[in-house]
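Enquirer: I would like the atomic coordinates for the input below:
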Amino acid sequence: MTNLQMLVSQHQAKAAQMAAQSVDWGKRKRKWLSVLEQLMHQLRTSLADAGVPSAQMVTTHHHLTEEALGDYDAPGLEVKIGAAKIQFVPIASVIIGGYGRVDAIGPCGEVKLIAVDSQAFHDPEDHTPSYQREWGWSAYPDKSSRGGFRLDDEGLAKMLELLLGRA
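Expert: Sure thing, here's the model as predicted:
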């Protein structure tokens, strides 16, 4: 085999391997939108249980454009707590270090919500596509990956305190 034939063969094999491992972006987008809907429902339910009237929670719609996912509309949420307003704005699904990002914006700052694998650790040999995995949410009050916390009821209270300040 000549060098040219070997080079062509290697590149063809690599392209075939990449095609076999490629992401189904349609399934990824459907998973992202489903997880966003679940997040907004979870936020509404937790906030209603904490005493926020449903009339003070308004669904918002955001037009996003991503290279891999194309143009689409994603749900968000605007919540009034006392005199303050908090917005939950979807930013993107295709991000480094997670499966998606939502910004929580309040009068005292911002918190990044990152969709992550629900399994804290998984086998690096496990090549299950992200759209087949279970996702959870973590909150990050600054730009680093340090200081993050799970977005459960306790995490939601902590995040709201960061966004609203102490009463």
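Enquirer: longest helix anywhere in the chain?
Expert: helix 25-49 (DSSP state H).
Enquirer: measure residue 30 to residue 84 for me?
Expert: For residue 30, the distance to residue 84 (C-beta to C-beta, to the nearest Å) stands at 34 Å. From N, CA and C alone the C-beta is placed, and that goes for glycine too.
Enquirer: which strands and helices sit next to the longest helix of the chain?
Expert: Here helix 25-49 touches strand 57-66, strand 70-81, strand 84-92, strand 100-106, strand 109-117, strand 135-140, helix 153-164, going by 3 or more C-beta pairs under 8 Å, 6 or more residues apart in numbering; DSSP states H and E.
Enquirer: name the helices or strands packed onto the fourth one?
Expert: Under the contact criterion of 3+ C-beta pairs under 8 Å, 6+ apart, the helices and strands touching strand 100-106 comprise helix 25-49, strand 84-92, strand 109-117, strand 135-140, helix 153-164.
Enquirer: now mean neighbour count, distance to residue 147 and mean pLDDT too, for the ones you listed, in TSV please.
Expert: Formatted as TSV, these follow (neighbours: other C-beta atoms under 10 Å; distance: least, C-beta to C-beta, whole Å; pLDDT from 0 to 100):
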stretch	mean neighbour count	distance to residue 147	mean pLDDT
helix 25-49	16	20	96
strand 84-92	18	19	97
strand 109-117	19	10	93
strand 135-140	20	7	92
helix 153-164	17	10	94
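Enquirer: of all those, which one is nearest residue 99?
Expert: Counting by C-beta to C-beta, residue 99 lies closest to strand 109-117 out of these; the figure is 4.1 Å.
Enquirer: any idea how far that closest one is from the chain center?
Expert: Relative to its chain's centre, strand 109-117 lies at 7 Å (C-alpha atoms, centre = their mean, to the nearest Å).
Enquirer: okay, now the sheet partners of that strand, with direction.
Expert: Strand 109-117 has the following strand partners under DSSP bridges: strand 100-106 (antiparallel), strand 135-140 (antiparallel).
Enquirer: out of these, which comes closest to residue 125?
Expert: strand 135-140 (20.4 Å).
Enquirer: and the contacts of the closest one?
Expert: 31, 35, 39, 98-100, 102, 104, 111-118, 147-151, 155, 158-159 (C-beta atoms under 8 Å, 6 or more residues apart in numbering).
Enquirer: between it and helix 153-164, how many degrees?
Expert: Strand 135-140 runs at 40 degrees relative to helix 153-164, counting by axes from the mean of the first three to the mean of the last three C-alpha atoms, to 10 degrees.
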